[in-house]
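[1] Turn this into a model:
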Amino acid sequence: MTDTPVPAATPAPTAPAPHWTWPRTADGEWQVAGRPLSQVVDEIGTTPCYVYDRTRLASRAAELRAAFPPGVLLHYAIKANPMPALVGFMAGQVDGFDVASAGELRVALDAGMAREHVSFAGPGKQEAELRQAQAAGILVNLESFREVDLLARASERDGRPARVAVRVNLPFELKASGMKMSGGAKQFGVDAERVPELLGRIRDAGLAFEGFHCFAGSQNLRAEAIVEAQQRSYALVRGWLDLLPAPLRFLNLGGGFGIPYSERDPVLDTAPVFASLHDLATRAPADFGTQARLVVELGRYLVGEAGLYVCRVIDRKVSRDKTFLVTDGGMHQHLAASGNFGQVMRRNYPIAVNGMRGEREMASVVGPLCTPLDLLGDNVELGHAEPGDLVVVFQSGAYGRSASPRQFLGHPDVVEALI
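    Reported below is the predicted structural model:
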């Protein structure tokens with residue numbers, strides 16, 4: 001790993017360049033929204049901090065919306081980064097939000113997203129959450145027969161039928177996915193073979209059926225796997241048309257678009273994925289009716305490359321010829337970068353020292369916690385760093401602060417800023 005992280009090979013023209021190739025000032029500082037990182041950190045007032053660049057967020061959303069065909073909606077999965085200011089900004093960049101809890105639902109509604117464009121998924125929705133969703137008038141992705149009964153009772157009390165879609169446990173996996181969420185026995189959704197029965201229950205309960213949610217997996221860098229999942233999901237739903245309680249309005253094809261986290265990772269070639277979406281959008285009016293819309297639900301791909309995690313070196317230690325840069329940040333604030341958030345084999349996130357700091361060296365970047373798991377960079381080549389210097393972890397816009405055990409060992413929380 002070099003101090004100026006670059007991809008190992010030049011990506012194809014159709015693929016976006018990795019966003020960790022952030023610009024630098026003449027003296028080597030990374031820039032955020034055209035400003036030196038040290039200046040941005042001084043404005044925030046403290047380290048560690050997460051810094052999100054709104055110009056990068058807007059650019060990625062605009063790139064996707066320009067490539068999507070008419071009739072395909074772009075949704076943001078709030079679980080990737082629920083920071084209220086960021087969600088509020090994203091409300092103006094996408095067509096809808098997908099939430100996974102009542103807490104995220106409140107963030108979505110506070111951000112100003114229209115209720116008809118908010119959907120709620122999750123395998124363990126509590127009765128109170130379902131009542132909130134029904135009262136708010138958002139779309140609930142049903143994941144069990146129990147949820148039909150609870151929403152029927154809430155609808156009867158309120159006098160309005162709950163809006164529902166069926167989340168399907170697909171009979172196949174998203175190949176090469178970093179996290180598989182379909183195929184085999186899963187806690188997510190309703191097994192495809194039981195969907196006809198569930199559709200009958202929805203009809204009998206008088207709920208307002210609107211569509212399907214087919215989310216096969218996430219963090220995939222193979223376009224052909226994403227295309228296969230989209231096409232097979234579409235074909236599966238097409239086979240249920242005669243069973244629908246009402247005309248199909250939405251078919252959420254999930255997402256799965258991955259981002260590179262190391263120089264060995266390829267950049268996702270989105271051209272085949274966009275071609276597949278154009279194919280499905282062309283067929284959808286004849287298959288499902290002109291009222292139907294296809295939805296692509298993305299989280300990490302929208303925000304992951306627009307964020308930096310910044311911490312400060314507080315000590316420089318040499319132990320038996322190995323250099324350790326001890327920082328004020330660590331796994332309690334960025335669990336994913338430490339390798340403890342689902343990685344089978346730990347790999348370093350792209351990491352660098354801010355500014356030009358003399359000769360390069362091999363060092364490990366660690367945090368202040370009393371555990372050897374508190375590791376942000378293991379034996380990486382960096383610019384020479386001394387106490388007071390800033391260390392930057394790239395690709396940190398998704399599953400950062402909210403996915404970390406921030407109260408572990410009682411250290412201070414981390415600040416977030418949208419620049």
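[2] any idea how far stretch 112-128 is from the chain center?
    17 Å (CA atoms, centre = their mean, to the nearest Å).
[3] hang on, Ala102 packs against Gln132?
    Yes - counting by CB atoms under 8 Å, Ala102 sits close enough to Gln132 to count as a contact (5.2 Å). To be clear about C-beta, it is placed using only N, CA and C from the backbone, and glycine gets the same treatment.
[4] Just give me the neighbour total for Ala100.
    18 (other CB atoms under 10 Å).
[5] Then Arg406?
    15.
[6] so what does the helix or strand hosting Leu277 touch, helix or strand wise?
    Under the criterion DSSP states H and E, the helix or strand holding Leu277 is helix 271-288. Identification of packing neighbours for helix 271-288 by 3 or more CB pairs under 8 Å, 6 or more residues apart in numbering; DSSP states H and E yields helix 223-238, strand 293-298.
[7] Can you tell me what sits against that helix?
    Residues lying outside helix 271-288 but in contact with it, judged by CB atoms under 8 Å, 6 or more residues apart in numbering, are 12, 14-15, 67-72, 223-224, 226-227, 230-231, 234, 238, 241, 247-248, 251, 253, 257, 292, 294, 296.
[8] can you give me the strands in the stretch 51-200 of the chain?
    Under the criterion DSSP state E, counting those that start in this stretch, the stretch 51-200 of the chain contains strands at 72-77, 96-99, 118-120, 139-142, 163-169, 179-180, 190-191.
[9] Low-confidence ranges, this structure, go.
    With pLDDT under 70 as the threshold, the chain has low-confidence stretches at 1-20, 173-188, 342-345, 357.
[10] Longest strand in it, by number of residues?
    The longest strand of the chain (DSSP state E) is strand 307-319.
[11] List the strands paired with it, with their directions.
    With DSSP bridges as the criterion, the sheet partners recorded for strand 307-319 are strand 49-52 (antiparallel), strand 322-327 (antiparallel), strand 390-393 (antiparallel).
[12] For that strand, buried residues please.
    Judged by neighbour count using 16 or more other CB atoms under 10 Å, the buried positions of strand 307-319 are 307-313.
[13] and the two most separated of those?
    Within these, two members stand farthest from each other by CB to CB: Gly307 and Val313, at 20.5 Å.
[14] which residues are in contact with stretch 223-236?
    Stretch 223-236 has contacts (CB under 8 Å, 6+ apart) with 168, 170-172, 174-177, 192, 214, 216-217, 220, 251, 253-254, 256-257, 268-273, 275-277, 280, 283.
[15] ok, of those residues, which come out buried?
    Applying 16+ other CB under 10 Å to the contacts of stretch 223-236 flags 168, 170, 174-177, 192, 214, 216-217, 220, 251, 253-254, 256-257, 268-270, 273, 276-277, 280 as buried.
[16] Show me how far stretch 235-250 is from its chain's centre.
    Once both centres are worked out by CA atoms, centre = their mean, stretch 235-250 turns out to sit 28 Å from its chain's centre.
[17] Just the buried positions in that stretch, please.
    Of all the residues in stretch 235-250, those buried under the rule 16+ other CB under 10 Å are 236-237, 240, 244-245, 248-250.
[18] Let's have the strands paired with strand 307-319 in CSV, adding distance to Gly200 and mean neighbour count.
    As requested, the strands paired with strand 307-319 are exported to CSV (distance: least, CB to CB, whole Å; neighbours: other CB atoms under 10 Å):
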stretch, distance to Gly200, mean neighbour count
strand 49-52, 45, 24
strand 322-327, 57, 19
strand 390-393, 50, 25
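[19] Turn those strands into CSV, columns for distance to Pro372.
    As requested, the strands paired with strand 307-319 are exported to CSV (distance: least, CB to CB, whole Å):
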stretch, distance to Pro372
strand 49-52, 24
strand 322-327, 11
strand 390-393, 18
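[20] For Arg264, which of those is the nearest?
    In this view, the strands paired with strand 307-319 are compared for proximity to Arg264 by CB to CB, and strand 390-393 is the closest at 17.3 Å.
[21] got a list of contacts for the closest one?
    For strand 390-393, with CB under 8 Å, 6+ apart as the criterion, the contacting residues are 30, 37-38, 41, 47, 308-313, 325, 327, 329, 334, 337, 349-355, 365, 376-377, 385.
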